[in-house]
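>>> Pasting the sequence and the predicted model now:
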Amino acid sequence: MKLFSAAQLHEADKITTKKHGITLVELMERGGTQIFNWLHHRMQGAQVPIHIFSGIGNNGGDGLVVGRLLIEHGYNVKVYVANFTDKRSKCFLINYDRIKTVTKDWPILMTSAHDFPEIKDEDIIIDALFGIGLNRPPEGWVKELIQYLNSKKSFKLSIDIPSGMYANKALTDAEAVLKASHTLTFQAPKLSFFLPETGRFVPYFEVLEIGLDPEYLHTTEPIAQVIAKPEAQQFYKQREKYAHKGSFGHTLVVAGSYGKMGAAVLTTKAAYRTGAGLVTAFVPESGYNILQTAVPEAMTLTDAEDDLITSIAIDFEPSSIAVGMGIGTKPETVKALGKLFKEAKEPLVIDADALNCIAANDELLNHIPELSVLTPHPGELERLIGAWTDDYDKLEKTKSFAKQHNVIVVIKGANTIVVIEERLYINTTGNPGMATGGSGDVLSGMIAGLISQGYDPLIASVFGVYLHGSAGNLATQEIGFEALIAQDIVEHIGPAFLTLFAPEPTEQDAKNA
Ligand SMILES: NC(=O)C1=CN([C@@H]2O[C@H](COP(=O)(O)OP(=O)(O)OC[C@H]3O[C@@H](n4cnc5c(N)ncnc54)[C@H](OP(=O)(O)O)[C@@H]3O)[C@@H](O)[C@H]2O)[C@@H](O)CC1
Ligand SMILES: Nc1ncnc2c1ncn2[C@@H]1O[C@H](COP(=O)(O)OP(=O)(O)O)[C@@H](O)[C@H]1O
Ligand SMILES: [K+]
């Protein structure tokens, strides 16, 4: 799914109204009706008090449409207009007049903190204060209003975006953002929903299609793509009947040092479970028995040194290489890495200590094969690109780094983001149970396992990240967040592939369960 900026969405509004002979007021009616339907479907006429807080822009207009429809259907609604400026939008004003035709209980104008109404924790709050037109942080009594609403335990439904948050810009005042329980967003999710500093205000969201011009949406370069099941399905390559293990390549895993041989085990197993035809682990001598015992399917080559990787010698042409997990950053290892980079003909998957070696030895960057995949967690990323001021600055710095060195960067986290040139691919699978030692080692094995089978490095990264999160989700369903360890992710790679094409449970299935 494509993600658009606030400016692109405003442009889509304009084009839709021009091309499809529909007015902005009608478009607002569509959006408001969808929100009303969502509520009506769940509330079925229940008389729980609903407090709608509208601003004076088009987001406020949406709130007024929802208010009118709820009133018409007999709900217990109070509408408040936060009159923070007299520059009201045209569509707001039209709907302000319309709501007065269905009730004598006109919207209450609020102009200061004295006007805040009493709200019980059981009541419902609808937030239509600011949408994607926010252009500065809310201040004064409007900020106090947001904080007042946040102090209530009520269910809070935000329209389009939690008020106080920008669609695609960093927060300037985290104290002035509505903490939504749920957000119903129009046409496409906003980039801020997926980034750590702002995503915490959007624990749940749903997208409501409002029929913006399909041609504009189709032909416009988005600011990011969201990768969910439909996208992931398209990446999958079917196996041919006459395929043999040679068809799926030979992955080399360069990993491990004394006390960290488990990293090599996890990456090696993950590469096999993801479908590599053959996997060879290259480890320090003392890792030999460990690897042969833990992963009998794998071949094992060893360094001359007992505890460290100092010189990587292999007797075959690997179709993919994952390097760095648990190797440490000793000078001998850095030297061995430099040689591996120079001699490699194909892109590598570079993780963990290999990234730390690069960060501490800039010259290594000049030898990384083009389109190699770097998989840093936030700490490793900072060592590579320097400190950032906010999530958006982090994305810009990562894009520049990726462009400058012609590599793919996988920013790991709750929503892992794959960066190539100017493009961003945001993953939707995974869960906090995966915040456990070794889960990143599994990911690098998975990406290398996919490259080995002929997936190009970008698809292997985006698809690998999706499958990794999906395996984590399936594992969590069985054992919960706390007990999940990296091996469980490996054990659920198979089910993650199977789930890719399994039908989604319907509402009826849920009722029957
Ligand atoms: N295609 C779609 O997705 C559709 C979108 N629709 C809806 O439109 C919404 C966008 O509406 P919008 O552009 O009118 O902006 P919105 O967010 O209501 O507020 C802007 C107003 O707030 C003001 N203002 C800004 N910051 C401020 C501050 N800190 N403190 C005080 N004031 C501040 C600003 O005033 P000004 O800067 O001029 O002083 C301006 O008056 C969108 O989110 C969605 O809900 C649907 O209806 C139709 C289809
Ligand atoms: N809260 C979370 N939600 C989703 N995925 C997560 C979360 N925390 C961690 N992960 C995933 O787990 C992996 C952790 O990687 P990393 O920090 O490199 O682990 P390690 O170095 O121990 O192998 C990454 O793929 C990351 O995206
Ligand atoms: K809002």
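Looks like it arrived, so ask away. Every value quoted in this text rests on a predicted model; they were computed, and no experiment measured them. Ligands and ions are numbered 1, 2, ... in the order given.

>>> which secondary structure element contains Ile15?
Assigned by DSSP states H and E, Ile15 belongs to helix 6-19.

>>> measure Val394 to ligand 3 for me?
Not Val; residue 394 is Lys. Taking C-beta to the ion, to the nearest Å as the criterion, Lys394 is separated from ligand 3 by 25 Å. In this view, the C-beta of every residue, glycine as well, is placed from N, C-alpha and C.

>>> my read: that residue touches Gly386, true?
No - counting by C-beta atoms under 8 Å, Lys394 stays clear of Gly386, with 10.0 Å between them.

>>> Show me what counts as buried in the helix holding Ile15.
Within helix 6-19, the residues scored as buried using 16 or more other C-beta atoms under 10 Å are Ala6, Gln8, Leu9, Glu11, Ala12, Asp13, Ile15, Thr16, Thr17.

>>> quick one: the helices in the stretch 351-500 of the chain?
352-360, 378-385, 391-405, 439-452, 457-483, 486-491, 493-500 (DSSP state H, counting those that start in this stretch).

>>> Quickly compare the ones you listed and say which is most buried.
helix 439-452 (a mean of 30; mean count of other C-beta atoms under 10 Å).

>>> how about His51, phi and psi?
With angles defined as degrees, to the nearest 10, His51 sits at phi -110, psi 120.

>>> Which pLDDT value belongs to the most centrally placed residue in the chain?
Centroid-nearest residue in the chain: Asn415, 3.2 Å away (criterion: C-alpha atoms, centre = their mean). pLDDT recorded at Asn415 is 96.

>>> what helices or strands is the helix holding Ile15 leaning on?
Where contact means 3 or more C-beta pairs under 8 Å, 6 or more residues apart in numbering; DSSP states H and E, helix 6-19 is packed against helix 24-43, helix 214-219.

>>> got the CA positions of the longest one in CSV?
Meaning helix 24-43. Written as CSV, here are the backbone C-alpha positions of helix 24-43 (Å, rounded to 0.1, in the frame of the first residue of the first chain):
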residue,chain,number,x,y,z
LEU,A,24,-15.2,18.7,-1.5
VAL,A,25,-18.4,18.8,0.7
GLU,A,26,-19.5,15.6,-0.9
LEU,A,27,-16.1,14.1,-0.4
MET,A,28,-16.3,15.1,3.3
GLU,A,29,-19.8,13.5,3.5
ARG,A,30,-18.3,10.3,2.1
GLY,A,31,-15.6,10.3,4.8
GLY,A,32,-17.9,11.2,7.6
THR,A,33,-20.4,8.6,6.5
GLN,A,34,-17.8,5.9,6.6
ILE,A,35,-16.8,6.9,10.2
PHE,A,36,-20.5,7.0,11.2
ASN,A,37,-21.0,3.5,9.7
TRP,A,38,-18.0,2.2,11.6
LEU,A,39,-19.4,3.5,14.9
HIS,A,40,-23.0,2.5,14.1
HIS,A,41,-21.9,-1.1,13.3
ARG,A,42,-20.2,-1.4,16.7
MET,A,43,-22.6,0.6,18.9
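
>>> Please see if that helix touches ligand 3.
No - contact of helix 24-43 with ligand 3 (C-beta under 5 Å from the ion) is absent, the minimum separation being 10.9 Å.

>>> For the helices and strands packed on helix 6-19, could you give me CSV that also reports mean neighbour count?
CSV is the format used below for these (neighbours: other C-beta atoms under 10 Å):
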stretch, mean neighbour count
helix 24-43, 18
helix 214-219, 12
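
>>> So which of the ones you listed is nearest ligand 1?
helix 24-43 (3.8 Å; C-beta to the nearest ligand atom).

>>> related to what we said a few turns ago, could you check how many residues crowd around the closest residue to the residue nearest to the centre of the chain other than its chain neighbours?
Spatial nearest neighbour of Asn415, chain neighbours left out: Phe194 (4.3 Å); criterion: C-beta to C-beta, 6 or more residues apart in numbering. Neighbour count for Phe194, taken as other C-beta atoms under 10 Å: 23.

>>> tell me the contacts of Phe194?
Phe194 makes contact with Ala224, Val226, Asn415, Ile417, Ile426, according to C-beta atoms under 8 Å, 6 or more residues apart in numbering.

>>> Tell me the spacing between the residue in the chain that ligand 2 sits nearest to and Met325.
Ranking the residues of the chain by distance to ligand 2 (C-beta to the nearest ligand atom) places Gly440 first, at 2.1 Å. Here Gly440 is placed at a distance of 8 Å from Met325 (C-beta to C-beta, to the nearest Å).

>>> intersection of neighbour lists for the two?
Joint contacts of Gly440 and Met325 (C-beta under 8 Å, 6+ apart) are Asp351, Ala352.

>>> about what we covered before: a markdown table please, covering the contacts of Phe194 and showing distance to His250.
Formatted as a markdown table, those follow (distance: C-beta to C-beta, whole Å):
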| residue | distance to His250 |
| --- | --- |
| Ala224 | 34 |
| Val226 | 33 |
| Asn415 | 32 |
| Ile417 | 30 |
| Ile426 | 32 |
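
>>> quick one on the thing from earlier: pretty sure the residue nearest to the centre of the chain contacts Asn427?
Yes - in this structure Asn415 lies within contact range of Asn427 using C-beta under 8 Å: 5.9 Å.

>>> Residues touching stretch 4-11, excluding its own?
Contact with stretch 4-11 is made by 12, 132-133, 166-168, 186-188, 190-191, 212, 216-217, 220, 222-223, as judged by C-beta under 8 Å, 6+ apart.
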